[in-house]
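Asks: Sequence first, predicted model second:
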Amino acid sequence: MSKPKILIVEDDPAIRNGLSDVLVFNGYEVDSEEDGSKGLDKILGNYFDLVLLDVMLPSMDGFTICRQVREEKPQQPIIMITAKGAEDDIVNGFTAGADDYIAKPFSLRELIVRVEAILRRCGKQIGETAVEYGGITFDGNNLRAICGSMEIDITRKEMDIIAYLYRFQERIVSRQELLTEVWHYTDGTIETRTVDIHMNKLRKKLQQFETSNLLIKTIRGEGYRLEDEKT
């Protein structure tokens, strides 16, 4: 499944690069533009699942861009980036047709929550609906793990774990990261055995697939990594 594609139109390089990094980290495909007029051309000439649009931009402001996009692409999801406490910007943004807003400075967690909420509201699929790895197909729509002729039921959380480990299979995923990104705990250092319990249950299910090469490997003191024994 292709990743949701997001365009960032923001002239501040620090904010633009920070937004891009956190969105890529969370599994999105990201494009960016610093100029308002060029940003409008890019929105109208390409497909994006979501646009993050700053208010103050060179050559054309965000309100003007939003209004023109609404005229030509009325279904395009847009989140406006406003100054903190700028009530007029918020009102003008919604009047121009924005779906939501986020005020600077903002927390990255709030940003991701708002992005996911808009994409779901617009009927966009968040995250993987199918993962194929180590000889197993994980079906997120029907919550089934399939290997050859054998099928096993999995939970939504188990699918989320597999999808997240698969997305970042090139590196170790820490327990704290799983708590914040999969369980959405605000504090990943909280004392809980939730991750351990889910991992043990998931491993027992996967062990039933005798012909599978998939392993959820524990890296002592570091976290977890999804591996294919053949690779």
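Replies: That came in fine, so what should we check first? Numbers count the residues shown, from 1 in each chain.

Asks: all contacts plus neighbour counts: C-alpha atoms, from now on.
Replies: OK.

Asks: I'd say Ile90 and Tyr101 touch.
Replies: Yes: counting by C-alpha atoms under 8 Å, Ile90 does reach Tyr101; the two are 6.8 Å apart.

Asks: tell me, what's touching the two both at once?
Replies: Thr82 (C-alpha atoms under 8 Å, 6 or more residues apart in numbering).

Asks: quick one, domains of this protein?
Replies: Residue ranges for the domains of the chain, per automatic domain parsing: 5-121, 130-228.

Asks: most packed of those domains?
Replies: Each of those was scored by mean neighbour count; the highest is domain 5-121, a mean of 18, by mean count of other C-alpha atoms under 10 Å.

Asks: give the contact list for Met159.
Replies: By C-alpha under 8 Å, 6+ apart, the contact set of Met159 is Phe138, Gly140, Leu143.

Asks: how about the nearest residue to the first one, chain neighbours excluded?
Replies: Think Phe138. Leaving aside its chain neighbours, Phe138 sits nearest to Ala145 (4.5 Å; criterion: C-alpha to C-alpha, 6 or more residues apart in numbering).

Asks: who does the strand or helix carrying the one you found pair up with?
Replies: For Ala145, the host element (DSSP states H and E) is strand 144-147. Partner strands and pairing direction for strand 144-147 (DSSP bridges) are strand 136-139 (antiparallel), strand 150-153 (antiparallel).

Asks: where does Lys201 fall, phi/psi-wise?
Replies: The phi/psi pair for Lys201 (degrees, to the nearest 10) reads phi -60, psi -40.

Asks: any idea how far it is from Glu222?
Replies: 20 Å (C-alpha to C-alpha, to the nearest Å).

Asks: ok so, going back, between the contacts of Met159, which is nearest Gln76?
Replies: Lowest distance from Gln76 to those (C-alpha to C-alpha) belongs to Gly140, with 26.3 Å.

Asks: In this model Thr155 seems to touch that closest one, though I could be wrong.
Replies: No: look at Gly140 against Thr155 with C-alpha under 8 Å: they stay out of range, at 9.1 Å.

Asks: before we move on, which element is Leu111 in?
Replies: Short version, using DSSP H and E: Leu111 is in helix 108-121.

Asks: counting contacts, what elements does that helix pack onto?
Replies: Packed against helix 108-121 by the contact rule (3 or more C-alpha pairs under 8 Å, 6 or more residues apart in numbering; DSSP states H and E) you find strand 100-104.

Asks: how would you label Thr218: helix, strand or coil?
Replies: strand (DSSP: H, G, I helix; E, B strand; the rest coil).

Asks: Contacts only, for it.
Replies: Here Thr218 is in contact with Tyr224, Arg225 (C-alpha under 8 Å, 6+ apart).

Asks: For it, report the pLDDT, please.
Replies: In this prediction, Thr218 carries a pLDDT score of 91.

Asks: Who does it form a beta bridge with?
Replies: Tyr224.

Asks: again with the one 10 residues further on
Replies: Each beta-bridge partner of Asp228 is listed here, defined by DSSP bridges: Leu214.

Asks: Wait, it touches Ile136, no?
Replies: No: using C-alpha under 8 Å, Asp228 is not in contact with Ile136; the gap is 10.3 Å.

Asks: quick one: common contacting residues for the two?
Replies: Leu214.

Asks: who's Arg144 bridged to?
Replies: Asp139, Asp153.

Asks: Would you agree it is in contact with Met150?
Replies: No: with contact defined as C-alpha under 8 Å, Arg144 does not count as touching Met150 (10.1 Å).

Asks: Helices along this protein, start to end?
Replies: 13-25, 36-45, 62-72, 87-96, 108-121, 156-167, 175-181, 194-206 (DSSP state H).

Asks: Please consider this matter closed, and thank you.
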